[in-house]
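Novice: Build me a structure from this.
(4 chains)
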2 protein chains.
Amino acid sequence: MRKPRTFEDVIAKIERRIADDGLTVGDRLPGERQLAEELQVGRSSVREALRVLETLGVVSSQAGRGPDAGAVLTSRPESALADLLRLHLGTASLSLGEVIATRLMIEQWAVQHVDAPEGLEIMRAALEEMERAGDARSFVDHDVTFHLGVALLSGNRLLSATMRALRQTIHAYSVAAVEAAGRTDVLMADHWRIYELVAARDGHGAAQAVADHLGHAYPSLSVPPAP
Amino acid sequence: MRKPRTFEDVIAKIERRIADDGLTVGDRLPGERQLAEELQVGRSSVREALRVLETLGVVSSQAGRGPDAGAVLTSRPESALADLLRLHLGTASLSLGEVIATRLMIEQWAVQHVDAPEGLEIMRAALEEMERAGDARSFVDHDVTFHLGVALLSGNRLLSATMRALRQTIHAYSVAAVEAAGRTDVLMADHWRIYELVAARDGHGAAQAVADHLGHAYPSLSVPPAP
DNA sequence: TTCAAAGTATGGTCTGACCATAGTATGGTC
DNA sequence: GACCATACTATGGTCAGACCATACTTTGAA
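Specialist: Residues are numbered from 1 along each chain as shown, chains lettered A, B, ... in the order given. You can find the predicted model right below:
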């Protein structure tokens, strides 16, 4: 058992303070200097602890003065997830195929476990924007919104955050794929089909439509269909 | 657009160095002092960058001398994911129900997309250990191994890492649930059924068995069955 | 009343020092 | 020559203090 480092103690104590005081998103933590004095540690240890918490999307730091300054509690799990995926793709301890399979899993689950139908409105609005999109980049931007709407259907914030991170990670790849295809009519038809099947509450059909769509969008990756 | 902070530049440069030099797990980064001089920044900025990378499970720092000392590239996405889940559960921006639904999703996907049958051996070994377990804690430990084996079936490292993180997050809750139940016969029967259906390559049946099992394990949470 | 300037609390960064850790080199002892 | 205790040293871990950048707050003059 290794001796915990000072900044790890600080993390634990901040975490504890959050739990004990019932702090929630928007609440402020004491300043770095004050925390250092309260916990009897150096300011650098406090800073490293805050850096970790910031990386994990729990706090957000802001210089200056006033109500918005200092370390404020937030909830940004998706940025942490996106960083995680990007870095592990970089070190080849994760492959694009694994990321896309995960995406398929989430979307199939979401259309079969609709718990927040307001995702449908987002999907609908995104579809209309996609029809109007002039270039691949703009098309993909609204495509991302559409699929985020799909994830939102689940009503599960963990899945929504993961979907955001996944799309952010493969964004450049998606744009390149659309540009290489040179056409969006097949993809648009896929999207409309998904939307309509979800609207009709045909979870099984929508799951199949999602699988078909990802097969079209990433033809080079063999996406296994559900049995 | 905010000005990037120094340590963020350092992260980007380290990331770039990893990509350019084709560094992979086990390779070493230069020391903190050397990196600081090379990048013309203070050592504290280098340290904050390394702290972030360590949080994300990409590097691991070790004091002392020799081949294992310094910042070494690793691949621990699960610890980052576990920290992420724990902290966001703490700030109530995530609920236990969402975590468990995600777990159900992964296990159902894995048993329906078996790509690495060696997970079966792990499941089998874990089952035998569970039979011999004397207390709830030991039972849950091998239960975790069993379900990790399930995730491994998918052959998707992202799903395996997520499962590890999920189980770590709900570990205390699982132990309490088993202790409260006071019996493990129902759970054992569930596990054997899952194992046998997977071994028989009955993905659909196994998915149903997984849903039934989670319903037994977490009776207080309404786990929606697949349609 | 308005607005520009000074004040100030906050994070961001650097420097230099010292401690803790754990291989490595040295040299004595058998 | 083999072995082991000691000193050495490169590495991360921590602290203190200084200074800069930022952005709100206060002050005071027009």
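Novice: how about the residues of chain A near DNA strand D?
Specialist: Contact residues, chain A versus DNA strand D (Cβ under 7 Å from any atom of the strand): A:5-8, A:36, A:40-45, A:48, A:62-69. Any C-beta I mention is one placed from the backbone N, CA and C, and that applies to glycine too.
Novice: can you tell me which of the residues you listed are in helices?
Specialist: If you go by DSSP state H, those have A:6-8, A:36, A:43-45, A:48 in helices.
Novice: What subset of the residues of chain A next to DNA strand D is buried?
Specialist: A:6-7, A:36, A:41, A:44-45, A:48 (16 or more other Cβ atoms under 10 Å in any protein chain shown).
Novice: any low-confidence regions in chain A?
Specialist: Within chain A, the segments meeting pLDDT under 70 span A:1, A:221-227.
Novice: 50 instead?
Specialist: Across chain A, the ranges flagged by pLDDT under 50 are A:223-227.
Novice: how about the helices in it?
Specialist: Using DSSP H, helices in chain A cover A:6-21, A:32-39, A:43-55, A:77-90, A:96-112, A:119-132, A:136-152, A:157-169, A:171-181, A:185-199, A:203-217.
Novice: The fourth one packs against which elements?
Specialist: The contact analysis (3 or more Cβ pairs under 8 Å, 6 or more residues apart in numbering or on different chains; DSSP states H and E) places helix A:77-90 against helix A:96-112, helix A:157-169, helix B:6-20, helix B:77-90.
Novice: What residues sit buried inside it?
Specialist: So for helix A:77-90, counting by 16+ other Cβ under 10 Å, buried means A:77-89.
Novice: Ok, the last one next?
Specialist: Judged by neighbour count using 16+ other Cβ under 10 Å, the buried positions of helix A:203-217 are A:203, A:205-215, A:217.
Novice: okay if I get the residues you listed as a markdown table plus distance to chain B?
Specialist: Converted to a markdown table, the buried residues of helix A:203-217 look like this (distance: Cβ to the nearest Cβ, whole Å):
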| residue | distance to chain B |
| --- | --- |
| A:203 | 5 |
| A:205 | 11 |
| A:206 | 11 |
| A:207 | 9 |
| A:208 | 13 |
| A:209 | 15 |
| A:210 | 13 |
| A:211 | 11 |
| A:212 | 16 |
| A:213 | 17 |
| A:214 | 13 |
| A:215 | 14 |
| A:217 | 19 |
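Novice: Tell me which residue lies farthest from the centre of chain A.
Specialist: Within chain A, the residue lying farthest from the chain centre (Cα atoms, centre = their mean) is residue A:40, at 36.7 Å.
Novice: how close does it sit to residue B:75?
Specialist: 35 Å (Cβ to Cβ, to the nearest Å).
Novice: try residue A:194
Specialist: 34 Å.
Novice: Looking at those two now, which is surrounded by more residues?
Specialist: residue A:194 (25 against 20; other Cβ atoms under 10 Å in any protein chain shown).
Novice: so what's that one up against?
Specialist: Contacts for residue A:194 were tallied using Cβ atoms under 8 Å, 6 or more residues apart in numbering or on different chains; they are A:111, A:123, A:150, A:206, A:209-210, A:213.
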